[in-house]
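Colleague: Prediction below, plus the sequence it came from.
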Amino acid sequence: MSSKGINRDIKNAAGTLKGVYQVNGRHEAGNYAYAIVVSRFNEHLTTALLQSALSCLAQHGAKPRQIKVVWVPGAFEIPVVANKLAQAEKHHVIITLGAVIEGETIHGRLISNSLVHGITMTSRENNLPIIDGVVTTDTMKQAEKRCLSGEESRGWYAALAAMEMAHVMHAL
């Protein structure tokens, strides 16, 4: 597949559409630079997310020099660091990793909403993909399932999405 996209037939509910131009990413690290912003809060979970993301990137050809990892105290701090990284214009994609678990108050929901708003605004303002790999759950058990599952984890998925988006953005 060319880095500028591919032409191929696609099918939809109405049948085959011949000659439709498509832009697709791929799960290949390429020569892109990746930044990963990781929350230390719930560190046993976020470390597992990071390990999964790094393993995925490495398995798909990324070299250590292509990856920068920045640790922050909690999920609330992720957007400002992602924004600083985006403005530096040294990375093709930013991955955000964290674990927000709802407690007895709505604090977790407020953190999650603020985080999503912040990374969405940063992504749009800087025309840079920011992958939301922050796990938000009601219980620790749910968080563990999403964080500690290796190739099935949110960290692995975030790395796959980052590679795909790097190729898509390059093709556009």
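Modeller: Thanks, I have the structure now.
Colleague: rest of the way, CA atoms for contacts and neighbours
Modeller: Noted.
Colleague: what about residue 108, neighbour count?
Modeller: When neighbours are defined as other CA atoms under 10 Å, residue 108 has 20 of them.
Colleague: What ranges in this protein fall below the confidence cut-off?
Modeller: When residues are selected by pLDDT under 70, those of the chain lie in 1-18.
Colleague: How much space separates the residue nearest the centre of it from residue 139?
Modeller: Geometric centre of the chain, nearest residue: residue 131, 2.7 Å, by CA atoms, centre = their mean. The gap separating residue 131 from residue 139 is 23 Å, by CA to CA, to the nearest Å.
Colleague: which element follows the helix or strand that contains residue 48 toward the C-terminus?
Modeller: Assigned by DSSP states H and E, residue 48 belongs to helix 43-59. Counting by DSSP H and E, the next helix or strand C-terminal to helix 43-59 is strand 67-72.
Colleague: mind checking the SS state of residue 37?
Modeller: strand (DSSP: H, G, I helix; E, B strand; the rest coil).
Colleague: quick one: contacts for it?
Modeller: Neighbouring residues of residue 37 by CA atoms under 8 Å, 6 or more residues apart in numbering: 69-72, 78, 81-82, 94-97.
Colleague: so where do the helices sit in the protein?
Modeller: With DSSP state H as the criterion, the chain has helices at 43-59, 78-88, 107-126, 140-147, 154-171.
Colleague: Please identify the most buried of those.
Modeller: Mean neighbour count, computed with mean count of other CA atoms under 10 Å, is highest for helix 154-171 among the helices of the chain, reaching a mean of 23.
Colleague: Just want the angle from that one to helix 140-147.
Modeller: Using axes from the mean of the first three to the mean of the last three CA atoms, to 10 degrees, the inter-axis angle of helix 154-171 relative to helix 140-147 is 40 degrees.
Colleague: Helix 154-171 packs against which elements?
Modeller: When contacts are defined as 3 or more CA pairs under 8 Å, 6 or more residues apart in numbering; DSSP states H and E, helix 154-171 sits against helix 43-59, strand 93-101, strand 130-137, helix 140-147.
Colleague: Out of those, which is closest to residue 23?
Modeller: Across the helices and strands packed on helix 154-171, residue 23 has its closest neighbour in strand 93-101 (17.3 Å, CA to CA).
Colleague: Show me what the closest one is packed against.
Modeller: For strand 93-101, the packing partners by 3+ CA pairs under 8 Å, 6+ apart come out as strand 34-39, helix 43-59, helix 78-88, helix 107-126, strand 130-137, helix 140-147, helix 154-171.
Colleague: Using TSV, please lay out these together with distance to residue 21.
Modeller: Converted to TSV, those look like this (distance: least, CA to CA, whole Å):
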stretch	distance to residue 21
strand 34-39	28
helix 43-59	28
helix 78-88	30
helix 107-126	25
strand 130-137	25
helix 140-147	35
helix 154-171	12
